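A.B. asks: return a 3D structure for these sequence lines:
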Amino acid sequence: MVVSNERPKYAVIPAPKGRLEPTDLVIAKFLGAPSRRWTEFVAENFVYIAAEPGSRIWVDECWVDNEWALCARYRDQADEAFGMRVVDLHVPREPSTLSDPLVRGGRHASARSQARHLLDGVPDDGQDVVVGWTEQDGRRWWGIPPAAGWPSVLEPANNVAAFSWPPPRHPHRRTTDAHRRLAQTFAAIESPRWSERALSACLNSLLISHTAARIAVEDAWAEDEWTFAVVYQDPWHDVARRIGLRRSTYERDSNTFYKMQYGGGLTCPPDPTRFGQDVAECDIGEPLGTIAEHLRADANGIHWWGDRPLQPPQGPVAH
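C.D. replies: The predicted structure follows:
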């Protein structure tokens, strides 16, 4: 790994309708299920916040290792070099007490809030640093060492996901021309329906996502006011190379709305941008796991999970 001797130059990437930001999910989505993805969401937001004006540290490098720990090499305002390795972020949990150093806000805590609390607790200026290891260049590491010992933290083979801001172009990203065209088309709609706004957010999130970089979008459409579908390829699955996902916020049987992180029974539709981002990161970006055993193929050779495309009655008028 190369040690930077000067503060990286960060910039904000302009987007057609605002600036791009890392996905910020709430912890309720992950409670009870260890997830490397949660650590990755926290890591990306950690780097993003550290790049904000007024931050007391700047990050040279940040990555998640093969033990699902967040690792970072950073410098403080005195240009002292440190390294940190934080474990157990992949086990999202509600705080048992208000003094929990990792999480605040219970089920409503988000990846960004956890990253901010983590950043607030990062020691700088050499204060309160319990040094566990020192690199040859003098960089001092604190935290919990890897099972193979501190020097292994710098082994490239142990790095499973790296993060920086702005996010670099992923060397293996599989963005298709159809994906770009669809993203531009839905972003250009002057008066979009809820489903078109959610689909636009989903497509835009897939364009910059680290964890969904392997995904190749083939097609996408809005089915009705509350429903959209995405057809994509995922090289992690050889049996069903063309995968389809249909998502709707409207629950016809109960005449209510559904929000991915909180469940159904809502009287009002959730924020479409957040809903679309959740679909991109938590559905399409996640490996299918056992869901791959229950995919249902249609006449076009698309293997669907969730509901296959239908033409349900129009949902209720938003309150």
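A.B. asks: mind listing the helices for the stretch 1-150 of the chain?
C.D. replies: 36-50, 111-120 (DSSP state H, counting those that start in this stretch).
A.B. asks: mind checking how far the longest one is from the chain centre?
C.D. replies: Translated: helix 36-50. With C-alpha atoms, centre = their mean, to the nearest Å as the basis, helix 36-50 stands 8 Å off its chain's centre.
A.B. asks: what of the last one?
C.D. replies: Relative to the centre of its chain, helix 111-120 is centred 14 Å away, using C-alpha atoms, centre = their mean.
A.B. asks: check which residues of it are buried.
C.D. replies: Residues of helix 111-120 classed as buried by neighbour count (16 or more other C-beta atoms under 10 Å): 111-119. Any C-beta I mention is one placed from the backbone N, CA and C, and that applies to glycine too.
A.B. asks: hang on, the earlier thing: tabulate the helices of the stretch 1-150 of the chain (a markdown table), appending distance to T227 and mean pLDDT.
C.D. replies: Below are the helices of the stretch 1-150 of the chain laid out as a markdown table (distance: least, C-beta to C-beta, whole Å; pLDDT from 0 to 100):
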| stretch | distance to T227 | mean pLDDT |
| --- | --- | --- |
| helix 36-50 | 25 | 87 |
| helix 111-120 | 27 | 85 |
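A.B. asks: between these, which gets nearest to L207?
C.D. replies: helix 36-50 (14.7 Å; C-beta to C-beta).
A.B. asks: so the closest one versus helix 111-120, what angle?
C.D. replies: Counting by axes from the mean of the first three to the mean of the last three C-alpha atoms, to 10 degrees, helix 36-50 points 60 degrees away from the direction of helix 111-120.
A.B. asks: so where's this structure uncertain?
C.D. replies: Flagging of the chain using pLDDT under 70 yields the residue ranges 1-20, 27-34, 53-54, 90-109, 124-128, 165-172, 210-211, 237-240, 261-263, 310-319.
A.B. asks: and it, what are its domain boundaries?
C.D. replies: 14-163, 177-306 (automatic domain parsing).
A.B. asks: on that earlier part again, can you redo the helices of the stretch 1-150 of the chain as CSV with distance to I144?
C.D. replies: Listed next are those as CSV, based on distance: least, C-beta to C-beta, whole Å:
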stretch, distance to I144
helix 36-50, 14
helix 111-120, 14
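A.B. asks: go through stretch 71-86 and flag the buried ones.
C.D. replies: 71-76, 80-86.
A.B. asks: just flag the most distant two among those.
C.D. replies: E80 and V86 (18.9 Å).
A.B. asks: inside strands: which ones of the buried residues of stretch 71-86?
C.D. replies: 71-76, 81-86 (DSSP state E).
A.B. asks: ends of stretch 201-217, how far apart?
C.D. replies: Start-to-end span of stretch 201-217 (C-alpha to C-alpha, to the nearest Å) is 14 Å.
A.B. asks: may I have the beta-bridge partners of V231?
C.D. replies: When bridges are called by DSSP bridges, V231 pairs up with D219, G244.
A.B. asks: same deal with K259?
C.D. replies: Legend: beta-bridge partners of K259 under DSSP bridges are G263.
A.B. asks: distance of it relative to T249?
C.D. replies: In this view, K259 and T249 are 7 Å apart by C-beta to C-beta, to the nearest Å.
A.B. asks: same thing with R37?
C.D. replies: Remark: distance between R37 and T249 (C-beta to C-beta) = 22 Å.
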